[in-house]
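> only the shape, not the letters, is given here:
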């Protein structure tokens, strides 16, 4: 050794080898033994691979498609069908559309026409690149010739500009000062480009695009620069959802050169466009939303009014939001985003800005059409000459035009003027006849108007509320179809959380008086109505849950209603009796957002990494000594739960099956903790004692634009990039939603074909948060401003996916309606319980009661001071005890100090969405063990009723990245050994030569 050390070459080898081996040992140890590192690599590069043979498969779910490619082709075609029904024709003057044969030569304007927005960004963004079709392909397929010179001009960034910037990264709570549209300035249009219009002047199609995505809300101002680059055409008094100066100039240029102008809005929310509606030189406006990979192919068909088979079609989409004339006058304007200044939505303490953000839902129930229709009604009642509504609303909720005309024959099942009871169901038959010249579909909407007491203290009520809706099949001219719409009288109830009517009761109420049922084409246009009388006030102390059982309903969110200082009363929220006096007209002043010592201390305590709240006296407390956990092999597997005790296959596991206790007794506490604490895009394998339980590893994927993965495509790949949820909602066709769910299920059954063959069993979707503000960054990812519409679509998707064995985690539960500061120590949301139950929680309730959801994803935000994923009131009192939910609640992606796994399981949550097995800091006492067992049961129940049970495994193979790592280790060690061998041999050889000399 001395000789080796003395020699320079061998000494270098020794030093390098020692360093490499030490580093290698450390790196290998970190990669293999630090959970967050190991699991993160597995998420990116692929984790354990199930060892599956054909003998391990049981086809319990019918597969319509033989391969992954086949179902992808079908799904891509389906997206086009959805887009055809989801495109909304907002304006069509002078019969500008459909284009006739003489209009086949058009010019397409707008820099974004060559780079439309297919989807929003973030975890829900789908990879549309493999199947992505362009706007110009859509025109070609429809037989429309377009101006290629103009297209080439926009494709050349050197001539027309770089276009819009890339979407901001998915960094939570970004505060965008502005965002560029990327529209080409008019001085870039050369004479050659302008001259090219001559051969394509039958019509001009002008495309305007706006982005959307996770982690940011849309700017409510136009900044002069963004990411160091100038924002072209920015105007200081404008916002991102208006046209910028370049877009306005482009429109003026187009109007000067074309007699027919069609505007296409490629936007995942609404825009402020009163000038476009009023402009006589703009003939038509189409909203296309975000069309997914292939949906844009529908645009050409809609423009021509002819599908690919030569059949007539008409637009049949209807708006899912109210298109307001001035967004700054919306009730949410002063209570959303950053509140007018960089840190205007942060609390202050001792005069300094804190790290705690908030949002106040002071508008109460008056969100979207509930505000505009109610205030419009009140203004007209006070002054019949009032034009408030006309000046405030561009297009109402539920609005959409067609190329054809329809007549309705409305028949109310119960005569107008009749008395009703809470147990009654009102039925309306509407015979829709196509009286025009084009084939098309029509939407019928049912609204109700409940009595409102102007004289006495009263529960707040919207003038109209959507109660039901239906859509016809495609009707040829002269053809008719009868639709039946229903409304349970009890569903017209209002939630009185603070005894507003002073009758000594808080809860759901039906107040005596006249209830008007309205059949309309949108929220503002009534075609027929009937009035019914409820003779007495009814206090509804119970409600029907998902199991058909009556459950008690009681206030769950008094603290949230009361606001951070506990001083909010009914009068603190917007009231129909005095809109002018109760609407906020300026941002909060410093005094309204300054924390007391006690509140600051409580918030600081909540972000400590260890949860330490005592269980004593809490509703989840389990008294007594901790039971000894010694797993016992009873011979019962999870798969056995699919059979009754006589051995007959029943296909559905009951949540109340007494055998659950036997199964749980076969699982160790450590396995339970691993299952609950590591829930990132999977549910973990549970072997149980002697491997008897046999719960397989599952693949759970992001959504809702299909099966998506923002981390990698090692496991989730080759799936359809579906249209945005707002487009699906705009179809007003729940049958399409169920069909989408079935296709999702088919893709799930195909699963990881090129890998281990595991199905995709879980889906982080649908998303049913509310379009509270048009500036919310993820509006594209949610259905609507209305809770019922959102819930009906969600329930249909869930039912469709469930037919094929996919469990859906409905997200984000709850009141998670903006991105700004969403994850910044948990934004504090303050809202009254009436608005929560009637609007924000309602779609989740429908998803559970009608869709049979077995999965739910809690949200980043807090409800008041309490993290949503740790809220017992939300996850147990309301979700489980009131609604009868059975299944698993997962957190949103949780790497935050304010989210605690111990708090989660006590609240009624089950899975922690992180790749690190979160630390269970609480002692394994009776409460902790009981909560872990309950969470384990909830997860196993969800998985047992899924496609995951179609396979059994012969163990799991090492992840590929670990095999590669081992190979690299072997190569490095071998190289070092070889180097050392030659170095030592060289030294010895020299030594021998020296001895001979």
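Sure, I can see it. Since we're looking at a predicted model, the values are computed, not measured. Numbering: from 1, shown residues only.
> switch to C-alpha atoms for all contacts and neighbour counts from now on
Noted.
> and the end-to-end length of stretch 740-759?
17 Å (C-alpha to C-alpha, to the nearest Å).
> next: stretch 434-446.
Length of stretch 434-446, first residue to last, C-alpha to C-alpha: 20 Å.
> what residues does it touch?
312-316, 318, 398, 402-407, 430, 432, 466-480, 485, 517-523, 732 (C-alpha atoms under 8 Å, 6 or more residues apart in numbering).
> please indicate which of these are buried?
Buried subset of the contacts of stretch 434-446 (neighbour count, 16 or more other C-alpha atoms under 10 Å): 312-316, 318, 398, 402-406, 430, 432, 466-472, 474-477, 480, 485, 517-523, 732.
> identify the residue nearest the geometric centre of this structure.
For the chain, residue 767 is the residue whose C-alpha lies nearest the centre (C-alpha atoms, centre = their mean; 3.0 Å).
> what's the separation between that one and residue 719?
Distance of residue 767 to residue 719, computed by C-alpha to C-alpha: 19 Å.
> same thing with residue 764?
The spacing between residue 764 and residue 719, counted by C-alpha to C-alpha, is 15 Å.
> and if you look at residue 357?
Separation of residue 357 from residue 719 (C-alpha to C-alpha): 37 Å.
> per-domain residue ranges of the chain.
The chain breaks down into these domains under automatic domain parsing: 2-36+958-996, 49-67+607-957, 88-316, 346-590.
> list the contacts of residue 354.
346, 347, 348.
> the nearest residue in space to residue 493 that is not next to it in sequence pairs with what?
Take residue 493 and drop its neighbours on the chain: the residue closest to it by C-alpha to C-alpha, 6 or more residues apart in numbering is residue 510, 4.9 Å away. Beta-bridge pairing of residue 510 under DSSP bridges involves residue 538.
> pLDDT wise, what is residue 510 at?
With respect to pLDDT, residue 510 scores 98.
> ok, it touching residue 537?
Yes. With contact defined as C-alpha atoms under 8 Å, residue 510 reaches residue 537; the gap is 5.8 Å.
> neighbour count: these two, which is higher?
Using other C-alpha atoms under 10 Å as the criterion, residue 510 and residue 537 rank with residue 510 on top: 22 against 12.
> distance of that one relative to residue 555?
As judged by C-alpha to C-alpha, residue 510 and residue 555 stand 17 Å apart.
> and what of residue 716?
Per C-alpha to C-alpha, residue 716 is found 42 Å from residue 555.
> the more surrounded of these two?
For the pair residue 716 and residue 555, the greater number of neighbours falls to residue 716 (24 against 18), based on other C-alpha under 10 Å.
> tell me the contacts of the more buried one?
Neighbour list for residue 716: 701, 707, 708, 709, 751, 752, 760 [criterion: C-alpha under 8 Å, 6+ apart].
> now swap in residue 910 and tell me
Taking C-alpha under 8 Å, 6+ apart, one finds 676, 888, 889, 890, 904, 935, 936, 938, 939 in contact with residue 910.
> export the residues you listed to a markdown table and append columns for pLDDT.
Converted to a markdown table, those look like this (pLDDT from 0 to 100):
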| residue | pLDDT |
| --- | --- |
| 676 | 96 |
| 888 | 99 |
| 889 | 99 |
| 890 | 98 |
| 904 | 96 |
| 935 | 98 |
| 936 | 98 |
| 938 | 99 |
| 939 | 99 |
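> redo the residues you listed as JSON lines? Include neighbour count.
Putting those into JSON lines (neighbours: other C-alpha atoms under 10 Å) gives the following:
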{"residue": "676", "neighbour count": "27"}
{"residue": "888", "neighbour count": "27"}
{"residue": "889", "neighbour count": "30"}
{"residue": "890", "neighbour count": "29"}
{"residue": "904", "neighbour count": "28"}
{"residue": "935", "neighbour count": "26"}
{"residue": "936", "neighbour count": "23"}
{"residue": "938", "neighbour count": "23"}
{"residue": "939", "neighbour count": "24"}
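> want to throw those into JSON lines with secondary structure and distance to residue 141?
As requested, the contacts of residue 910 are exported to JSON lines (DSSP: H, G, I helix; E, B strand; the rest coil; distance: C-alpha to C-alpha, whole Å):
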{"residue": "676", "secondary structure": "helix", "distance to residue 141": "51"}
{"residue": "888", "secondary structure": "strand", "distance to residue 141": "46"}
{"residue": "889", "secondary structure": "strand", "distance to residue 141": "45"}
{"residue": "890", "secondary structure": "strand", "distance to residue 141": "44"}
{"residue": "904", "secondary structure": "helix", "distance to residue 141": "53"}
{"residue": "935", "secondary structure": "helix", "distance to residue 141": "53"}
{"residue": "936", "secondary structure": "helix", "distance to residue 141": "53"}
{"residue": "938", "secondary structure": "helix", "distance to residue 141": "50"}
{"residue": "939", "secondary structure": "helix", "distance to residue 141": "48"}
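> pick the one among those residues closest to residue 617.
Nearest to residue 617 out of those is residue 904 (C-alpha to C-alpha; 17.4 Å).
> gap between that closest one and residue 898?
Residue 904 sits 11 Å away from residue 898, going by C-alpha to C-alpha.
> where's residue 811, which helix or strand?
Using DSSP states H and E, residue 811 falls within strand 807-813.
> now do residue 256
Using DSSP H and E, the element containing residue 256 is helix 245-257.
> in that helix, what's buried?
Of the residues in helix 245-257, 245, 246, 247, 249, 250, 251, 254, 257 count as buried by neighbour count, 16+ other C-alpha under 10 Å.
> now stretch 848-864
Buried residues in stretch 848-864 (16+ other C-alpha under 10 Å): 848-864.
> and what of stretch 621-633?
Buried, per 16+ other C-alpha under 10 Å, within stretch 621-633: 621, 622, 631, 632, 633.
> for the residues you listed, which one is nearest residue 460?
In terms of C-alpha to C-alpha, no member of these lies closer to residue 460 than residue 621, at 37.1 Å.
> which residues sit in contact with the closest one?
Contact partners of residue 621, counting by C-alpha under 8 Å, 6+ apart, are 615, 927.
> the chain should start at 451 in everything you say after this.
That works, and once the first residue is 451, the last one we named lands at residue 1071.
> isn't there a helix covering it?
No. Judged by DSSP: H, G, I helix; E, B strand; the rest coil, residue 1071 forms no part of a helix; its state is coil.
> please report phi then psi for it.
Backbone torsions for residue 1071, taken as degrees, to the nearest 10, come to phi -60, psi 140.
> the residue nearest to the centre of the chain pairs with what?
Residues in a beta bridge with residue 1217, per DSSP bridges, are residue 1261.
> before we move on, the earlier item: tell me what the strand holding residue 1261 is packed against?
Judged by 3 or more C-alpha pairs under 8 Å, 6 or more residues apart in numbering; DSSP states H and E, strand 1257-1263 is in contact with strand 1210-1214, helix 1237-1253, helix 1292-1299, strand 1305-1308.
> quick one: closest of these to residue 584.
Once these are compared by C-alpha to C-alpha, helix 1237-1253 is nearest, at 27.3 Å.
> what inclination does the closest one have with respect to strand 1257-1263?
160 degrees (axes from the mean of the first three to the mean of the last three C-alpha atoms, to 10 degrees).
> hmm, back to that, tell me the buried residues in the strand holding residue 1261?
Applying a neighbour-count criterion of 16+ other C-alpha under 10 Å, the buried positions in strand 1257-1263 are 1257, 1258, 1259, 1260, 1261, 1262, 1263.
> using JSON lines, please lay out these together with distance to residue 1414 and pLDDT.
Compiled in JSON lines, the buried residues of strand 1257-1263 are given as follows (distance: C-alpha to C-alpha, whole Å; pLDDT from 0 to 100):
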{"residue": "1257", "distance to residue 1414": "33", "pLDDT": "98"}
{"residue": "1258", "distance to residue 1414": "34", "pLDDT": "99"}
{"residue": "1259", "distance to residue 1414": "34", "pLDDT": "99"}
{"residue": "1260", "distance to residue 1414": "37", "pLDDT": "99"}
{"residue": "1261", "distance to residue 1414": "37", "pLDDT": "98"}
{"residue": "1262", "distance to residue 1414": "38", "pLDDT": "97"}
{"residue": "1263", "distance to residue 1414": "40", "pLDDT": "98"}
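> I am finished for the moment; much appreciated.
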